[in-house]
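In: Below is the sequence, then the predicted model.
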Amino acid sequence: MDCIFCKIIAGDIPSTKVYEDEQVYAFRDINPQAPTHILVIPKAHIESVNAVSPENSGVVAHIFEVIPQIAKAEGLTGGYRVVSNCGADAGQTVFHLHFHILGGKELALEMA
């Protein structure tokens, strides 16, 4: 598989890890859109939100249990945003399910 996130999980491409367990890997975005910009991904390859199924939805639930822990560890006490782009029209450029944690400043409310 030629998935950059799978290669990051495997250690073939370096990343700045902030969290890891048996199901999830989280690392700093190399092109941050906020002072804190972390990507949280399942270790199992799931293409996008559209590919979430009864068989793999448990890992998505686990991701949403982990996100508050990461945000707290990063000091995001004033709040943060969680974003997942689904499909090319929405701006998804890596087709491996991932969630962006954005914070560290007051974020604009308008959509790009």
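Out: That came through fine.
In: next helix or strand past the longest helix along the chain?
Out: For the chain, the longest helix by residue count, based on DSSP state H, is helix 57-73. Scanning forward in sequence from helix 57-73 by DSSP states H and E, the next helix or strand is strand 80-83.
In: Direction included, what does the helix or strand just after that next one pair against?
Out: Later in the chain than strand 80-83, the nearest helix or strand by DSSP H and E is strand 99-103. Here strand 99-103 is paired, per DSSP bridges, with strand 36-42 (antiparallel), strand 80-83 (antiparallel).
In: quick one: low-confidence ranges for the protein?
Out: 1, 110-112 (pLDDT under 70).
In: and if we set it to 90?
Out: Counting by pLDDT under 90, the chain shows low-confidence ranges at 1-2, 108-112.
In: Spatially nearest residue to residue 79 (excluding sequence neighbours)?
Out: residue 103 (6.7 Å; Cβ to Cβ, 6 or more residues apart in numbering). To be clear about C-beta, it is placed using only N, CA and C from the backbone, and glycine gets the same treatment.
In: how about the one you found, what does it touch?
Out: 34, 35, 36, 71, 74, 76, 78, 79, 80, 81 (Cβ atoms under 8 Å, 6 or more residues apart in numbering).
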